[in-house]
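J.: any chance you can model this:
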Amino acid sequence: MKCSLEWLNTYLDQSIEADEAMRLLDDQGFPIEDELSFDVEVTSNRGDCLSHIGVARELAAGSGRSLKLPDLEVKASAGAPVVGDLTNVANEAPDLCPVYTARVIRGVKVGPSPQWMVDRLEAIGLRSVNNVVDVTNFVLHETGQPLHAFDMDKLAGGRIIVRRAKQGEKFIAIDNTSHELRSDMLVIADEECPVAVAGVMGGLESEVGDDTVNVLLESAEFIPLSVRTTSRRLKLSSDSSYRFERGIDPRGVELASRRAANLILELAGGELADGVVRVGVDEPSPTQITMRIARCRSLLGYEITADRMAELLNALQLDAKADESAGTISCTVPSWRGDLKREVDLIEEIARMNGLDTIEVQDRISIKAQSPGPRAVARQLMGQVLVAHGYHETITFSFLAPKLGKPFIPAGGGALMIGDERRKAEPMLRPSLIPSLLQCRKSNQDVGNEAVKLFEVASTWYRKEGNIVETRRLGVMADAPDAQQAVREIRGVFEHVIGQLAGDVDIAVESIEVPNCQAAASVSAGGKSLGWYGVASAECQKLFDLQTPVIFGEMDSEALLAMYPPKRTVTPLSRFPGIERDLSVIVAEDIAWQQIQQLIESTSPQYMETLNFITTYRGKPIEKGAKSVSFRMTFRNPDATLRHEEVDPQVNAVVEILKREVNAELRA
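T.: Modelled structure (predicted):
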């Protein structure tokens, strides 16, 4: 921010020389970028110092001088009408404009500004326009509060409406540039059209000119994100938008309005209407923050008395009160210091004002070696399992083209779009990791890579019932030239990951329908749903221009990591041999292995130790529409050698229930 030293000195009880001012500001975290123009570098969290009073406040705090503020008392002209009888304000977007105020000054005489005003503005590189406009620019650089003066006679209906723009609405700014507005942009309008883009720039048609007689003076607060987004999309910036983007003093809205009204009356004459139109929230109460004295010493690394701490904080007008018995200092934070929110912020202020050079420089760094936490171990283990199965980890962009992302939005959800102009082609945050992995597969296809297996752990986003839903997911994808084999392999991968993280837990797999899949299954463990996998449909392959069939799936990575460490049951090895029985049954094509498994387990075969799927066969001599399912049952008696005649009844019971329930035929 460009400052004028002469201007700064008007707010100090004793003048300060340039060398001392530059040294103090540099020590307090405000280095001078250009000594000739006295350009002060201000960090984005210190919007209060984007003004001459703000910089003077810092100089006063560092030098022991006192701050002198201008008279902010304002009185309506004798016999003037009440402002509410002349105009009114409707705020239709309080979420973007917490406060809007308006004052009316009638009968002004627009003309050149006095020389002292011209000199002040030219000293910081501004051109004088006229006495009314110059006042708004002067007060902005004096207090940090942006203002705007409208020619009231050019406002249709003589009133202000704060609203969102209509999609495609036209606007001509005071710099004579034309803009097409979007529905998420905030505007200041009259009864017919926008007369300003809120917080950014006023309109050409309502600007104050030589023929202006009646002025409506705006002073307001606009949400920083709204101003920043609008300014970037329109490629339109100003001194006002620069300050609104960094946050302004909410109590300064009214004070700056008074200051500007007084100066307009002084320089342009006229009659000030009684009162102010104010719509929005009340002025905030001061914030209270308590700091532990011992904590301050611990973080600073050196001894400093509680009285010295309070002295430094009081120099910043924080009304610090030390309580030695409680070991604390309580501060009342003024409204212009929106960056002070926590105890550590006060400690930083003490360090800054006491001098950062008083902190001893350590020539050694002490590092305490610690074992990785359970989550870190679990995350590493999950990756190791997938790598062992031949998968490569990817890191992909979180943005997608809508045509690729929308097919993967969960049921009942909506797309989460961003308005960043730099991502016009991919404005959608991904609702699933699958489209990102499929794009990566397409890139590998283009360079001739085959047998690709990929996985990624990352966040996904979508909207649901107006809220943003963010989840961490594990996404996997593999080539699937043989769909049946691919299904078995990915199921094995999922079960291996779950087993390594959770240990001995019941894993259930059920057939489900999933968009973009020709066949899919859900996966749960311990009764908790974890995710799904499925073979890509032909439409999905075509959407991503894939020549090779693929299989993919997702699991909730947070739920997986929460299962760690694994819980396992250990039993001694049996001293007795087991008996294996392999069976093949012919069933209808629509009978899933899971259904067969459930029927077998429902008979509770005595001594059955394990039940494992072997394979599925289709073809001659099996009739069309049927298939042969082969499985193996292992029986074992832990206390004695098992005999075949003890197993036969169990096997017969299994065959009978399969015949009865799914019309199975035992294959020879």
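J.: sketch out the low-pLDDT regions of this protein for me.
T.: The chain contains residues with pLDDT under 70 at 420-422.
J.: would you mind giving the domain segments of it?
T.: According to automatic domain parsing, the chain comprises the domains 5-63, 83-280, 287-357, 374-562, 579-666.
J.: of all those, which one is nearest Val74?
T.: domain 83-280 (4.3 Å; C-beta to C-beta). Where C-beta positions appear, they are placed from N, C-alpha and C, glycine not excepted.
J.: for the closest one, measure first residue to last.
T.: Domain 83-280 has an end-to-end distance of 17 Å (criterion: C-alpha to C-alpha, to the nearest Å).
J.: mind listing the helices for the stretch 401-550 of the chain?
T.: Under the criterion DSSP state H, counting those that start in this stretch, the stretch 401-550 of the chain carries helices at the ranges 402-405, 434-446, 483-502, 538-543.
J.: need the winner for burial among the domains of the chain.
T.: Highest mean neighbour count of the domains of the chain: domain 83-280, a mean of 20 (counted as mean count of other C-beta atoms under 10 Å).
J.: bridged to the residue nearest to Asp175 when sequence neighbours are not counted, which residues?
T.: Closest residue to Asp175 apart from its sequence neighbours, by C-beta to C-beta, 6 or more residues apart in numbering: Met201 at 7.0 Å. When bridges are called by DSSP bridges, Met201 pairs up with Val197.
J.: and Leu381, helix, strand or coil?
T.: Of the three states, Leu381 takes helix under DSSP: H, G, I helix; E, B strand; the rest coil.
J.: now it: how far from Ile498?
T.: Relative to Ile498, Leu381 is positioned 12 Å away (C-beta to C-beta, to the nearest Å).
J.: that older thread, would you convert the helices of the stretch 401-550 of the chain into TSV that also reports distance to Ala411?
T.: Listed next are the helices of the stretch 401-550 of the chain as TSV, based on distance: least, C-beta to C-beta, whole Å:
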stretch	distance to Ala411
helix 402-405	15
helix 434-446	15
helix 483-502	22
helix 538-543	17
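J.: which of these sits closest to Ala626?
T.: From the helices of the stretch 401-550 of the chain, taking C-beta to C-beta, the stretch that ends up closest is helix 483-502, at 15.7 Å.
J.: what sits up against the closest one?
T.: 378, 381-382, 385-386, 389, 391, 474, 476, 478-480, 505, 507, 509, 519, 521, 523, 525-526, 530-531, 533, 535, 549, 551, 553, 555, 560-561, 563-564, 566-567, 616 (C-beta atoms under 8 Å, 6 or more residues apart in numbering).
J.: residues contacting the residue nearest to Asp175?
T.: Ala173, Ile174, Asp175, Leu236, Ser238, Ser240, Ser241.
J.: nearest to Asp95 among these?
T.: Out of these, the member with the shortest distance to Asp95 (by C-beta to C-beta) is Ser241, at 18.6 Å.
J.: so that closest one is in which element?
T.: Assessed by DSSP states H and E, Ser241 sits inside helix 239-244.
J.: so which elements touch the following helix or strand past that helix?
T.: For helix 239-244, the succeeding helix or strand toward the C-terminus, using DSSP H and E, is helix 252-268. Under the contact definition 3 or more C-beta pairs under 8 Å, 6 or more residues apart in numbering; DSSP states H and E, helix 252-268 sits against strand 99-106, helix 131-143, strand 147-151, strand 215-221.
J.: name the SS class of the nearest residue to Leu346 once chain neighbours are set aside, please.
T.: Computed as C-beta to C-beta, 6+ apart, the closest residue to Leu346 that is not its neighbour in sequence is Met291, at 4.5 Å. Secondary structure, three-state DSSP: Met291 is strand.
J.: is it true that Met291 touches Val333?
T.: No - under the criterion of C-beta atoms under 8 Å, Met291 makes no contact with Val333, lying 11.3 Å away.
J.: quick revisit: take the domains of the chain and write them to JSON lines, including distance to Ile365.
T.: Shown next, in JSON lines, are the domains of the chain (distance: least, C-beta to C-beta, whole Å):
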{"stretch": "domain 5-63", "distance to Ile365": "24"}
{"stretch": "domain 83-280", "distance to Ile365": "34"}
{"stretch": "domain 287-357", "distance to Ile365": "13"}
{"stretch": "domain 374-562", "distance to Ile365": "22"}
{"stretch": "domain 579-666", "distance to Ile365": "55"}
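J.: so which of these comes closest to Pro70?
T.: Between Pro70 and these, the shortest gap by C-beta to C-beta is with domain 83-280, which sits at 6.2 Å.
J.: and the closest one, how far out from the chain's middle?
T.: 30 Å (C-alpha atoms, centre = their mean, to the nearest Å).
J.: equivalent analysis for stretch 329-342, please.
T.: When distances are taken as C-alpha atoms, centre = their mean, stretch 329-342 is centred 25 Å away from the chain's centroid.
J.: ok, and what's touching that stretch?
T.: Contacts for stretch 329-342 (C-beta under 8 Å, 6+ apart): 45-48, 54, 144, 247, 249-252, 283-284, 286-291, 293, 296, 306, 309-310, 313, 316-323, 345-346, 349.
J.: which of those fall within helices?
T.: Gly54, Gly252, Ile293, Cys296, Ala306, Met309, Ala310, Leu313, Asp345, Leu346, Glu349 (DSSP state H).
J.: nearest to Ala93, of those residues?
T.: Top of the list for closeness to Ala93, among the ones in helices among the contacts of stretch 329-342 and by C-beta to C-beta, is Gly252 at 21.1 Å.
J.: and the closest one, how far from Glu245?
T.: With distances taken as C-beta to C-beta, Gly252 is found 16 Å from Glu245.
J.: quick one, strands of the stretch 451-600 of the chain?
T.: With DSSP state E, counting those that start in this stretch as the criterion, the stretch 451-600 of the chain has strands at 453-464, 467-479, 507-512, 517-525, 528-536, 550-556, 579-588.
J.: note down every partner strand of the fourth one and its orientation.
T.: Listed by DSSP bridges, the sheet partners of strand 517-525 and their directions read strand 507-512 (antiparallel), strand 528-536 (antiparallel).
J.: looking at those, which is nearest to Gln594?
T.: strand 507-512 (6.3 Å).
J.: gap between the residue nearest to Ala123 when sequence neighbours are not counted and Leu216?
T.: In space, and not counting its chain neighbours, Ala123 is closest to Ser4: 3.8 Å by C-beta to C-beta, 6+ apart. Distance, Ser4 to Leu216, by C-beta to C-beta: 29 Å.
J.: and what of Leu8?
T.: On the measure of C-beta to C-beta, Leu8 and Leu216 end up 31 Å apart.
J.: list the beta-bridge partners for the residue lying closest to Phe30 once chain neighbours are set aside.
T.: Ranked by C-beta to C-beta, 6+ apart and with sequence neighbours excluded, the top spatial neighbour of Phe30 is Val40, at 5.2 Å. Val40 forms beta bridges with Ile32, as assigned by DSSP bridges.
J.: how about Leu217?
T.: Arg103, Ala149.
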